[in-house]
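> Next input, structure requested:
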Amino acid sequence: MYRASLILLFFAGEALAHPDHGSGGWVSAALSHLLSEPDHLALLLAPFVLGLAWVARRAIALRVKRRKD
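Below is the predicted model:
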């Protein structure tokens, strides 16, 4: 299942919903497609932002716990 999710992640741009994005090969087509569409960019940034928020929350909780001890 892990490999299937990686394949889906790396080849998500292969659908090429817009014909003008395929000028430089599949990597540049995928990147230009993902970065030029606001909803696709949001889908890329959302897990990153949520991960940073989770790490920050854990760091704050550890800091508070160390002060209590």
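> Where does pLDDT dip in the chain?
Applying pLDDT under 70 to the chain flags residues 1-2, 7-29.
> mind listing the helices in this protein by residue range?
Under the criterion DSSP state H, helices of the chain are mapped to 2-10, 26-36, 38-68.
> Domain map for the protein?
Domains of the chain are assigned by automatic domain parsing as 1-36, 38-69.
> Can you tell me how far residue 35 is from residue 41?
Between residue 35 and residue 41 the computed distance is 6 Å (Cβ to Cβ, to the nearest Å). Where you see a C-beta, it was placed from the backbone N, CA and C, and this is true even at glycine.
> what's around residue 44, how many residues?
The number of residues packed near residue 44 is 12, by other Cβ atoms under 10 Å.
> Next, the contact list for it, please.
Shown in contact with residue 44 (Cβ atoms under 8 Å, 6 or more residues apart in numbering): 34-35.
> Many thanks, we can stop here.
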